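A.B. asks: I would like the atomic coordinates for the input below:
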Amino acid sequence: MSNASGVIPSNAMSTLAQQNPHFRKRSQIACSKCTLGKLCLVRNLDEDETEQFENIVNKSRPIHAGEHIFRIGDPLDCIAAVRAGCFKSYVIDKNGEEHVLGFYLPGEIIGFDAIDGKTHKANVIALDTSSVCGLSFDSVADMARQLPSLQEELFRVMSAQISELESNAADLSAEERIARLLCSLSTRIARRGYSPTEFNLSMSRRDIASNLRLATETISRVLARFQSAGLIRVNRKKVELVDLDKLRELAHRDTG
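C.D. replies: Predicted coordinates:
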């Protein structure tokens, strides 16, 4: 399925579901048994509704760093729930410059950008070895019409993604932007049952800079400044938030 560059060609995940033996119905792995069940779309469904939802879920094969699951212009066939790993969404401007739009962690949903216009507006690529659950969008939409709890969860997820985008668009200093990102990652990782103060960054400094609309050198300088101030400790990709309260204060000091 991959081309010479190791990138999945521009086709829909539903095609992968049909043609790739590693992307198939995952009836052997029930949503009710999944460790991400309390984060994903099924979290407010009852037992019968969850069983119904499982019938529209496909589990991907391992997706390696550098492989795309969506490309700009792909038709809206599927959305994807991250099971493992980390993804970034990005676009390329007319000058060939990459702009990172966001990052996706386990339990988060990718692909809502395609609802308007029925095609994906961003490329989505794995940052490390990852896997997803593919969900037919038409099936999810039909089920949401029948299950108010699923419809409400879809609205909640969309709202959370919009809020994250609005936060990045705010007029903030470099320190505030980076503090917000660290606090956001802390909160999102804690929801998965992991430490809110110690984690690895799958994204590069360059990706972080692009997402926050800062220079890569600024990211390195601010992280060094935070470390000198006793707010964090950084060892390559590993980050420890030493004073999470102060980081949160910095991240939200201009929000009123």
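A.B. asks: Name the residues that touch the helix or strand containing residue 209?
C.D. replies: Here residue 209 is covered by helix 205-212, with elements defined by DSSP states H and E. In this structure, residues lying in contact with helix 205-212 by Cβ atoms under 8 Å, 6 or more residues apart in numbering are 88, 90, 98-103, 127, 168, 174, 177-178, 181, 201, 203, 214-216, 218-220. Placement of C-beta: from N, CA and C, glycine included.
A.B. asks: ok, now stretch 228-245?
C.D. replies: Residues lying outside stretch 228-245 but in contact with it, judged by Cβ under 8 Å, 6+ apart, are 182-183, 186, 196-202, 223-224, 226-227, 246-247.
A.B. asks: Make a PyMOL selection of the buried ones in those.
C.D. replies: Selecting only the buried entries of these in PyMOL, with 16 or more other Cβ atoms under 10 Å as the criterion:
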select buried, resi 182+183+186+197+199+201+202+223+226+246+247
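A.B. asks: Could you work out the most separated pair of the contacts of stretch 228-245?
C.D. replies: Using Cβ to Cβ, the two most remote members of the contacts of stretch 228-245 are 202 and 246, lying 24.7 Å apart.
A.B. asks: ok, for residue 121, nearest residue in space, not its chain neighbours?
C.D. replies: Leaving aside its chain neighbours, residue 121 sits nearest to residue 113 (4.5 Å; criterion: Cβ to Cβ, 6 or more residues apart in numbering).
A.B. asks: so that neighbour touches residue 124, yeah?
C.D. replies: No - if you go by Cβ atoms under 8 Å, residue 113 and residue 124 don't touch, sitting 9.2 Å apart.
A.B. asks: quick one: which of those two has more around it?
C.D. replies: Taking other Cβ atoms under 10 Å, residue 113 and residue 124 do not tie; residue 124 has more neighbours (24 against 20).
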